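K.L.:
Structure, please.
(4 chains, ligands or ions: 4)
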Protein chains: 2
Amino acid sequence: MSATENQQLKQVLREHELKATTQRIALLKLLDATHEHFDAEEIYLELLKKEKNVSRATVYRSLEALAEQDLVTRLDFGDGRMRFERSKGEDEHHDHLICEKCGKVIEFFNLEMEAQQLSVCEENDFTPSTHTMHIFGTCSDCRTSQ
Amino acid sequence: MSATENQQLKQVLREHELKATTQRIALLKLLDATHEHFDAEEIYLELLKKEKNVSRATVYRSLEALAEQDLVTRLDFGDGRMRFERSKGEDEHHDHLICEKCGKVIEFFNLEMEAQQLSVCEENDFTPSTHTMHIFGTCSDCRTSQ
DNA sequence: TCCCAAAATAAGAATGAATCTCATTTACAC
DNA sequence: GTGTAAATGAGATTCATTCTTATTTTGGGA
Ligand SMILES: [Mn+2]
Ligand SMILES: [Mn+2]
Ligand SMILES: [Zn+2]
Ligand SMILES: [Zn+2]
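P.N.:
Residues are numbered from 1 along each chain as shown, chains lettered A, B, ... in the order given. Ligands and ions are numbered 1, 2, ... in the order given. Got it, this is the predicted structure:
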């Protein structure tokens, strides 16, 4: 809504050498607003509500461009479609607990685990770029309610 | 080849309440022989070389049945198709380093990391069932050769 | 403010991994 | 050996994602 938010996002996009299209701005605004882990179709449908002109192809292309610049993060929860979240700072990396019953996603960060990852890479003379650390299981709500 | 290997695999399948079809036996034999991380199409093509009758559908269905019984393990390296490996013992769980340049897969096990995972689950009142811990990056071969 | 070339978009076709359908074959308990 | 439920083969189908092409938009410069 706010013109200032639009301006800020325009700024962000340009800093990353991306043209500030209305679709990309709307996409970032959506992810900023919700903090959720949307898939492409959900993003497409949300954007349709707000903007008259959006196409699925643009959602996919924008997500690709934004992910390339680390403005959004791709998440693969292994169910056949990619999820996306707004990237937080370099310093705010986190991993995920995913409830197989209700789909809830719990974010966590564990410094010791990250340190062990680096240690494993060193042992294997391997230069890491990214990692996926997803723990699947049952959340407390789903465990108690059955 | 060996009749004894066939008999052993028949035995294994029956212990898991799976009918010992020639296709399932051939599939297990292939994975036992190579220790590789094949996708379904690769498995299909390999089986075609050896058996005259195999269909893609059977490969997928067999892999599903075998994975259900933990005789094979599904691996999602995030590139759009699932990989499969022969499951090792409960005690031989491992995770993967995946080279983004050459596709090489390095297996590792880190007890401290696994312990931290349990600790994170406890903190979040979460009951884990499985996890994916894949580190993507560049292997030493690919780093030195360029 | 107007103009232009390059880049991005809309709409829908194409792709490809995975699943489903159904007629036929096979496994295995009796 | 028989019968029956389960598994298979072949190909159709699904569905997420990518591609194609004509059209529109962006951003820089006149
Ligand atoms: Mn997250
Ligand atoms: Mn492995
Ligand atoms: Zn839950
Ligand atoms: Zn490599």
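K.L.:
hmm, stretch A:56-76 in reach of chain B?
P.N.:
Yes - using CB under 8 Å from any CB of the partner chain, stretch A:56-76 reaches chain B at residue A:76. All C-beta spots, glycine's among them, are computed from the backbone N, C-alpha and C.
K.L.:
I would like the residues contacting that stretch, please.
P.N.:
Residues outside stretch A:56-76 that contact it (CB atoms under 8 Å, 6 or more residues apart in numbering or on different chains) are A:12-13, A:16-18, A:21, A:23-24, A:27-28, A:31, A:37, A:40-41, A:43-44, A:47, A:82-87, A:96, A:132, A:134, B:76, B:78.
K.L.:
Need the buried ones from these selected in PyMOL.
P.N.:
With 16 or more other CB atoms under 10 Å in any protein chain shown as the criterion, this PyMOL line picks the buried residues out of the contacts of stretch A:56-76:
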select buried, (chain A and resi 12+13+18+23+24+27+28+31+37+40+43+44+47+82+83+84+85+86+87+96+132+134) or (chain B and resi 76+78)
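K.L.:
Mind checking which of the contacts of stretch A:56-76 are in strands?
P.N.:
If you go by DSSP state E, the contacts of stretch A:56-76 have A:82, A:83, A:84, A:85, A:86, A:96, A:132, A:134, B:76 in strands.
K.L.:
Between all of those residues, which two are at the greatest distance?
P.N.:
A:86 and B:76 (23.0 Å; CB to CB).
K.L.:
Low-confidence stretches in chain A?
P.N.:
A:1-2, A:146 (pLDDT under 70).
K.L.:
hmm, try it at 90
P.N.:
A:1-6, A:35, A:50-53, A:88-92, A:144-146 (pLDDT under 90).
K.L.:
Would you mind giving the domain segments of it?
P.N.:
For chain A, the structural domains run A:3-86, A:90-144, going by automatic domain parsing.
K.L.:
near DNA strand D at all, the longest one?
P.N.:
If I follow you right, that is domain A:3-86. Yes - contact of domain A:3-86 with DNA strand D (CB under 7 Å from any atom of the strand) involves A:10, A:13-14, A:19-22, A:39-41, A:56-57, A:60, A:64, A:80-82.
K.L.:
Please compute how far that domain lies from its chain's middle.
P.N.:
Here the centre of domain A:3-86 is set off from its chain's centre by 9 Å, with CA atoms, centre = their mean, to the nearest Å.
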